[in-house]
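J.: missing the sequence, but the structure's below:
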């Protein structure tokens, strides 16, 4: 089975910075989500999801980044690297590379990962270089790479997230790769090795691994047209505001209805989450989907911006109090699950299940503008913030807005 690029995403090219108050929270939330995915599905699932452009965009949205801009890639991968790498040995996930000069340090970082884990660092560095060469040189699509992240598990599976810039179209293109075909060679020990025994290691240059080497080389010979037909492609619009056409109204509406109209006491599955307000339940439900949702749930990444807003104020300012409560609840659930107490984690998982069940009979009125207006009006209550400053109370009480 030959390796294939798993997807691309086209994004408006934006500049700017992520304020410290958001960057720190993105790291904590990203770590908690990663830990929850590993606990439920394993390390391989983290790599599979990172290789899905729709899921990656949804993750960036739920973290409070601008829902459609090129900055999601740099900021999300930077936050994950800072948060995950200090726990890499425990989690079994290592993130290498980054933006600009840091991207060129990827091979050296992978060699160090090889020393820590017993993996073939030279082979991983070769995979890193090949994926970059294909997207930057073999496929002439007008985008010059400026970001390259290589994510590898302690078993040797890997994913690549890299992004290029087109000054002509003022857009960025994100490329995703996944090493799914390497799984049959995981845990194959060397027949012999000179040096200190480090246990079972990977021998990617062994005779048995020749199909993998061949498939890697095939990447450079594939025609761009054929590759593009086989990958998942996400094209984000240029407009900043979140519009109804960007969102699955029925899915979003069912989440808002569950969180704001129904009370948690009405659902046996949510008893362990009592004490959380409706606004935090709204965010937790969307975070729950990012952790437990199937690929079909991520066709409209903009919907996930309704968890924690966006730093540019679209669809509304980042509700810092809600963000912190979401992180704390998820972190507590993960820690309890490590101790064998999985009730709280199961309760969080049930949130996405409930929203899916609610969709069957739920009929929205598609009043998306009213939802956004209400969130902005009440943003000050949740310490709402953007890169421009803190939200302030409205000068006068607006007319009650009817939601979904």
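T.: Happy to help now that I have it. Just so you know, these numbers come straight off a predicted model, no measurement behind them.
J.: from now on I want contacts and neighbour counts done on CA atoms only, so please keep to that.
T.: Will do.
J.: how close does residue 346 sit to residue 43?
T.: 19 Å (C-alpha to C-alpha, to the nearest Å).
J.: neighbour count for the two, which is higher?
T.: Applying other C-alpha atoms under 10 Å to residue 346 and residue 43 shows that residue 43 carries more neighbours, namely 21 against 15.
J.: tell me which residues touch the more buried one, please.
T.: 37, 91-93, 153 (C-alpha atoms under 8 Å, 6 or more residues apart in numbering).
J.: what's the answer for residue 333, then?
T.: So residue 333 contacts 342, 344-345 (C-alpha under 8 Å, 6+ apart).
J.: circling back: which of the contacts of residue 43 sits closest to residue 320?
T.: residue 37 (23.7 Å; C-alpha to C-alpha).
J.: that closest one: which element?
T.: Element membership for residue 37, per DSSP states H and E: helix 20-41.
J.: packing partners for that helix?
T.: Here helix 20-41 touches helix 43-50, helix 71-84, helix 278-292, helix 320-338, going by 3 or more C-alpha pairs under 8 Å, 6 or more residues apart in numbering; DSSP states H and E.
J.: tilt between it and helix 278-292?
T.: Helix 20-41 runs at 50 degrees relative to helix 278-292, counting by axes from the mean of the first three to the mean of the last three C-alpha atoms, to 10 degrees.
J.: pull out the buried positions in helix 20-41.
T.: By neighbour count on 16 or more other C-alpha atoms under 10 Å, the buried set for helix 20-41 is 22-23, 25-38.
J.: now the contacts of residue 333: which count as buried?
T.: So, of the contacts of residue 333, 344-345 end up buried under the neighbour-count rule (16+ other C-alpha under 10 Å).
J.: in helices, which of the contacts of residue 333 fall?
T.: Counting by DSSP state H, the part of those found in helices is 344-345.
J.: now tabulate the contacts of residue 333 in TSV and tack on pLDDT.
T.: Below are these laid out as TSV (pLDDT from 0 to 100):
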residue	pLDDT
342	84
344	83
345	86
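J.: any weak-confidence spans in the stretch 301-404 of the chain?
T.: Along the stretch 301-404 of the chain, the model assigns pLDDT under 70 to residues 364-366, 397-404.
J.: quick one: the helices in it?
T.: Taking DSSP state H, counting those that start in this stretch, the helices of the stretch 301-404 of the chain run over residues 305-308, 320-338, 343-359, 368-377.
J.: with residue 109 as the reference, measure out to the closest residue to residue 285 other than its chain neighbours.
T.: Spatially, and ignoring its direct neighbours in sequence, residue 285 is nearest to residue 351 (5.1 Å; C-alpha to C-alpha, 6 or more residues apart in numbering). For residue 351, the distance to residue 109 (C-alpha to C-alpha) stands at 39 Å.
J.: ditto for residue 71
T.: In terms of C-alpha to C-alpha, residue 71 sits 24 Å off from residue 109.
J.: show me where the stretch 51-200 of the chain has strands.
T.: Remark: strands assigned in the stretch 51-200 of the chain by DSSP state E, counting those that start in this stretch are 93-99, 144-153, 158-166, 171-178.
J.: dump those strands to a markdown table, plus mean pLDDT, distance to residue 119 and mean neighbour count.
T.: Formatted as a markdown table, these follow (pLDDT from 0 to 100; distance: least, C-alpha to C-alpha, whole Å; neighbours: other C-alpha atoms under 10 Å):
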| stretch | mean pLDDT | distance to residue 119 | mean neighbour count |
| --- | --- | --- | --- |
| strand 93-99 | 97 | 12 | 24 |
| strand 144-153 | 94 | 10 | 24 |
| strand 158-166 | 90 | 12 | 25 |
| strand 171-178 | 87 | 17 | 24 |
